[in-house]
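**Q** Task: produce atomic coordinates for the following.
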Amino acid sequence: MLELNQCINYLLTTSQHRVSQAMSARLSEFDITPVQYGVLYCLWVEKKKSPKEIAEILHLETSTISGILERMEKKGMLRRSISREDRRFIEIELTEKALALQEPVLDAVEEVNATVLADMSKEKQELFKSLLREIAEISLPAD
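**A** Residues are numbered from 1 along each chain as shown. The predicted model follows:
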């Protein structure tokens, strides 16, 4: 019988929960959540402008992104508008408030990453991240 601490799902879920708690606590100072950070990262660094592009990068449904964007718009972090080039699409524009958060938020995320990985050697850190990327890329059957 497989012990719980040998189950990949258990290990990933508990690890993700701990990292998410640390990230949430650190980002609360900026009044954003980890998923809102993901959206901001897509806009700051990836220069994506549409909900569909952001959803693809974050591996979320476009409808989920729409709700997140709505909450961020209410916080004054972005504006959504109909594309001038193609009226079927929505474009996202960051506000000054969100632009001012870029450096401190990216620094905070780096701090959390460094804290989480602090007890690992640089080689183990790179291996760990590589293995997580590999797992994320694997297409597993649903059943």
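
**Q** Check which residues of the longest helix along the chain are buried.
**A** In the chain, assigned by DSSP state H, the helix with the most residues is helix 96-117. Residues of helix 96-117 classed as buried: Ala98, Leu101, Val105, Ala108, Val109, Val112, Val116 (neighbour count, 16 or more other Cβ atoms under 10 Å). Any C-beta I mention is one placed from the backbone N, CA and C, and that applies to glycine too.

**Q** What of stretch 116-125?
**A** Result for stretch 116-125 [16+ other Cβ under 10 Å]: buried residues Val116, Gln125.

**Q** can you pull out the helices in this structure?
**A** 8-27, 34-44, 51-58, 62-74, 96-117, 122-137.

**Q** Let me know whether Ile92 touches Cys42 as I believe.
**A** No. Applying Cβ atoms under 8 Å as the test, Ile92 and Cys42 come out as separate, 9.0 Å apart.

**Q** Skip the chain neighbours and tell me the closest residue to the residue most central in space within the chain.
**A** The residue lying closest to the centre of the chain (Cα atoms, centre = their mean) is Gly38, at 3.0 Å. Once flanking residues are discounted, Gly38 sits nearest to Leu58: 4.9 Å by Cβ to Cβ, 6 or more residues apart in numbering.
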